[in-house]
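Visitor: Okay, here's the prediction I keep looking at, along with the sequence it came from:
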Amino acid sequence: MVVNIFALEQDGSTRGSVKSFELNLSLEYLNPDCYNTSFAVMVVNNQFPAPALHVVKNDVVRFIIRNSDAANNQSSSIHIHGIRQYGTTFSDGVAAITQLAIAPGQEFIQEFQVLNQSGTYFYHAHVGVQDDTITGPFIVHEDQDSFSAATELMTPVTEGIYTYDEERILQWTEFWHQSGYDREKYYTGSSFINDNGPDSVLLNGRTVYNSSASQNDCECAGFSYINVEPNKIYRFRFIGALTFRILGIFIQDHNMTLMEIDGEYVAPYNLKYLEIGAGQRMSVLVKTGNYPAGSLFPIASNFRWRINAAGFTENGYGYLRYVNATTPTTTIIMDKPIIANFPANIFPAIDIPGWVLRDVKPLVSTERDIMILNRTADRTIKLFMQQVTELDNTTRFRNNDRMHVPWGNSSSSLLEQVIANSLGTIGTLDVTDGFSLSHQTYPVNFGEVIDFVFQNSFNGGGVCVAHPWHTHGHSHYLISEGEGDYLHETDKDVRSFADPLLKDVSIAYPAIVNGSIGCGWTKVRILAVTLPRYQLVN
């Protein structure tokens, strides 16, 4: 779904330094889980995950993206997930909408300012299923001091009200024992039946698919470990670079304090476990204990909102490993943790819509936040995505029962077509939801308060699953959720969250009511003043 906004708010923020990054895309054979074979997938700079990139708030960032291998026959693009792209829509990295996909042998330059944003983000491919392996952290620090402290391992680090000794990145991804080509062909082709889930859940690009079979594999890197020293405070930046799954994550014998969600600070909130889905990012503070070097504590993942085979993931594990500053530990960890040794009842037996978010508060609510939240919405746009089987037996999603019409063409993106005026005017808008058939977008006017309702639906098998939604170019306020079908006359004033959080990913959870067509809904709010031209909601 694409939103078209006709104006851009001006901002007087200072311009930071310029940071340039070269990202070379190539087709490589990857075996991140010590399986008995490798698979052809796209990666960045010959590594997986892609390199972590660190910048400072208000920096100007330049990505030089080269689709290096002219023989790989796969076009690509890169989206910087969560960055609002004020005035730089061409750099949002959405193939067919903001640019053409980068063809093999070609390069594309994306330049943008990280305007008034800091926190945990990531970048990933926005073509096909390439985001499985073209994905890496994008970290925005508050200022040069915190940037230097974090990247040069100086202590302490201060960001916002929070002070800690060091930080670590924990990026979670999924991996299938298929080439990227074969996986995309299955999802987009006529043989698709359902999503059977990944073969492996990876922490920082690694796991062990079968611990007993891999013990003698000299090339197996083992489970990922996070090195820590005793009696320190660490910021763990969790990145949900996932495709389908929502994971519950806990660290044995270590509690967590939530401090950031999707690039926004929240008031401290104590956690026993973290729940993270596709596209979400969260930071927690962890205080290490007085443990000797060599001590290991499992980092375990648990399937949440999984209809079948709920429980701990088959291999989504890592370890917190205590080290001595003067004596590094290099042992490869091959053994899967023993689940029976985990504390009982870490994860609730029944999934809870919204996890703990109803109790989490923003660190600060500004006058602008209060103004937006207290206004009556100018429009409510309900997005009812339904999975359908088309006449050619392919499976697609339809928004509000409209057949999807691809954006752009082989020579121009949607944005380029509009600038060239090749699509004509937006035409008469659909009276039911304000949709422009000629542009295949939702035109939105400057200054409007827009509520988006993400209406969940049953899939082709009659199952209702949780679905994350991401707003490009905007963060949104999570204001309400409900069961069954969203009915505007009765639900328009419902507020489920006393202190709405500003986020860029929110989840429409399953909430089934007998006789309803839909199966749960989530409502978010934006103020249309920061989105130039065209941005995606997906």
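Guide: Good, I have the coordinates.
Visitor: what are the phi and psi values for Thr188?
Guide: Backbone torsions for Thr188, taken as degrees, to the nearest 10, come to phi -100, psi -10.
Visitor: What is the burial count for Thr490?
Guide: 9 (other CB atoms under 10 Å). The C-beta positions use only the backbone N, C-alpha and C, and glycine is treated the same way.
Visitor: Could you say whether it sits in a helix, a strand or coil?
Guide: With DSSP: H, G, I helix; E, B strand; the rest coil as the basis, the three-state label of Thr490 is helix.
Visitor: What's the separation between it and Ile517?
Guide: Taking CB to CB, to the nearest Å as the measure, Thr490 falls 15 Å from Ile517.
Visitor: cool, and Trp172?
Guide: 33 Å.
Visitor: neighbour-wise, which of the two wins?
Guide: Trp172 (25 against 12).
Visitor: Now do stretch 192-205: everything it contacts.
Guide: Under the contact criterion CB atoms under 8 Å, 6 or more residues apart in numbering, stretch 192-205 has outside partners 32-33, 35, 48-49, 169-177, 186, 207, 209, 223-224, 243-245, 247, 299, 301, 306, 313-318, 394-395, 459-461.
Visitor: Among these, which lie within helices?
Guide: Tyr186 (DSSP state H).
Visitor: what helix or strand is Tyr181 on?
Guide: helix 180-188 (DSSP states H and E).
Visitor: any idea which residue sits dead centre in this structure?
Guide: Gly279 (1.0 Å; CA atoms, centre = their mean).
Visitor: For the nearest residue to that residue once chain neighbours are set aside, give me the pLDDT.
Guide: Nearest non-adjacent residue to Gly279, counting by CB to CB, 6 or more residues apart in numbering: Val505, 4.3 Å away. Note on Val505: pLDDT of 98.
Visitor: Now for Val505: which residues touch it?
Guide: 262, 277-280, 468-470.
Visitor: Which one of those is nearest to Val55?
Guide: Asp262 (17.1 Å; CB to CB).
Visitor: The closest one - how many residues pack around it?
Guide: 24.
Visitor: Who does Trp469 form a beta bridge with?
Guide: With DSSP bridges applied, Trp469 shows beta-bridge pairing to Ser506.
Visitor: Would you check that Leu426 makes contact with Gln440?
Guide: Not quite, residue 426 is Ile, not Leu. No. Assessed by CB atoms under 8 Å, Ile426 is found out of contact with Gln440, at 10.2 Å.
Visitor: Among the two, which residue is more densely surrounded?
Guide: Shown here are Ile426 and Gln440; by other CB under 10 Å, Gln440 has more neighbours (20 against 17).
Visitor: And that one, its phi and psi?
Guide: According to degrees, to the nearest 10, Gln440 has phi 60, psi 40.
Visitor: What pLDDT does the model give it?
Guide: pLDDT, Gln440: 86.
Visitor: With Ile5 instead?
Guide: 46.
Visitor: Just to check, Ala528 is in contact with Asp451?
Guide: No. If you go by CB under 8 Å, Ala528 and Asp451 don't touch, sitting 11.4 Å apart.
Visitor: Give me the residues contacting the helix holding Tyr181.
Guide: Contact partners of helix 180-188, identified using CB under 8 Å, 6+ apart, comprise 39-42, 74, 128-130, 132-133, 176, 178, 192, 394-395.
Visitor: one more time with 10 Å
Guide: The contact list for helix 180-188 (CB atoms under 10 Å, 6 or more residues apart in numbering) reads 27, 30, 39-43, 72-74, 125, 127-134, 176-179, 189, 191-193, 195-196, 243, 394-396.
Visitor: can you pull the buried residues of stretch 393-401?
Guide: 395, 399-400 (16 or more other CB atoms under 10 Å).
Visitor: returning to that earlier point: would you mark the buried spots in the helix holding Tyr181?
Guide: In helix 180-188, counting by 16+ other CB under 10 Å, buried: 180-181, 183-184, 186.
Visitor: Any chance of TSV for those, columns pLDDT and distance to Tyr269?
Guide: Putting those into TSV (pLDDT from 0 to 100; distance: CB to CB, whole Å) gives the following:
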residue	pLDDT	distance to Tyr269
Gly180	91	38
Tyr181	92	43
Arg183	91	37
Glu184	92	39
Tyr186	92	40
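Visitor: which of these lies closest to Ile372?
Guide: Nearest to Ile372, judged by CB to CB, of the buried residues of helix 180-188 is Glu184 at 39.0 Å.
Visitor: For that closest one, give its distance to Pro49.
Guide: Distance, Glu184 to Pro49, by CB to CB: 20 Å.
Visitor: where exactly do the strands run in the stretch 51-200 of the chain?
Guide: 53-56, 60-67, 78-81, 107-113, 119-125, 135-141, 157-159, 162-164, 166-175, 200-203 (DSSP state E, counting those that start in this stretch).
Visitor: how about TSV for those, with mean pLDDT and distance to Lys19 added?
Guide: Formatted as TSV, the strands of the stretch 51-200 of the chain follow (pLDDT from 0 to 100; distance: least, CB to CB, whole Å):
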stretch	mean pLDDT	distance to Lys19
strand 53-56	97	5
strand 60-67	97	5
strand 78-81	98	13
strand 107-113	97	11
strand 119-125	98	13
strand 135-141	98	11
strand 157-159	92	18
strand 162-164	96	23
strand 166-175	98	18
strand 200-203	98	27
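Visitor: Using CSV, write out every CA atom in stretch 305-314.
Guide: The C-alpha atoms that make up stretch 305-314 are tabulated as CSV, following Å, rounded to 0.1, in the frame of the first residue of the first chain:
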residue,chain,number,x,y,z
TRP,A,305,2.0,-16.6,17.9
ARG,A,306,2.7,-19.8,16.1
ILE,A,307,-0.4,-21.9,15.6
ASN,A,308,1.4,-25.2,15.2
ALA,A,309,4.4,-26.4,17.1
ALA,A,310,4.7,-23.5,19.6
GLY,A,311,7.5,-23.6,22.1
PHE,A,312,11.2,-23.2,21.9
THR,A,313,12.8,-22.9,18.4
GLU,A,314,14.7,-25.9,17.1
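Visitor: List the buried residues in it.
Guide: For stretch 305-314, by 16+ other CB under 10 Å, it's 305-306, 312-314.
Visitor: Closest one of those to Asp378?
Guide: Nearest member of the buried residues of stretch 305-314 to Asp378, counting by CB to CB, is Trp305, at 32.6 Å.
Visitor: still on that earlier bit, narrow the buried residues of stretch 393-401 to those in strands?
Guide: Judged by DSSP state E, strands contain the following of the buried residues of stretch 393-401: 395, 399.
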